[in-house]
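Colleague: Need coordinates for the below:
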Amino acid sequence: MKKLDFDFIPLGISIILILVSLVMISTSNYALSLKHYIGIGCVIISTYFYFKNRMTYYVVYGITLLVGIFGLLDFYYSTFKVGLGSFGINPISAGLLILHIALVFQIVDKLDSNK
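Modeller: Below is the predicted model of the structure:
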């Protein structure tokens with residue numbers, strides 16, 4: 001029996017958010033901007049690397065979320081920012097990055113204990 005990897009959870013949440021965004025723009029008058037398309041592309045690239053090279057996935061998806069925190073890319077149709085003045089962070093990307101880092105550290109600890 002194959003063990004389940006829980007490192008797919010942040011990527012799965014991102015894919016669900018993308019699907020919700022696609023449904024919302026197709027059923028209403030929302031329009032996606034360039035940063036949304038770039039974010040969707042980065043998540044698709046991360047999904048490719050998840051199945052081809054897991055270590056590259058950790059880096060690419062982590063960088064995607066890190067850039068998403070500062071609002072340079074997004075994959076959800078509605079953009080949220082929390083902060084003061086023009087500086088703000090995206091709480092969706094921040095939460096996914098924290099979850100991603102926690103799961104990566106858990107996997108690294110598991111690999112270190114096997115040595």
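
Colleague: packing partners for the lowest-mean-pLDDT helix or strand in the chain?
Modeller: Sorted by mean pLDDT, DSSP states H and E, the helices and strands of the chain end with strand 82-84, the least confident at a mean of 79. Judged by 3 or more C-beta pairs under 8 Å, 6 or more residues apart in numbering; DSSP states H and E, strand 82-84 is in contact with strand 87-89. Backbone N, C-alpha and C define where each C-beta goes, glycine included.

Colleague: Which positions within the lengthiest helix in the chain qualify as buried?
Modeller: Using DSSP state H, we find that the single longest helix of the chain is helix 91-114. Judged by neighbour count (16 or more other C-beta atoms under 10 Å), helix 91-114 contains these buried residues: 92, 93, 94, 96, 97, 99, 100, 103, 104.

Colleague: tell me what that helix is packed against?
Modeller: For helix 91-114, the elements it packs on are helix 9-27, helix 54-69, judged by 3+ C-beta pairs under 8 Å, 6+ apart.

Colleague: hmm, back to that, take the buried residues of helix 91-114 and lay them out in TSV including pLDDT and distance to residue 31.
Modeller: As requested, those are arranged in TSV below (pLDDT from 0 to 100; distance: C-beta to C-beta, whole Å):
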residue	pLDDT	distance to residue 31
92	90	19
93	90	21
94	90	25
96	92	24
97	92	26
99	93	29
100	92	29
103	89	33
104	87	34
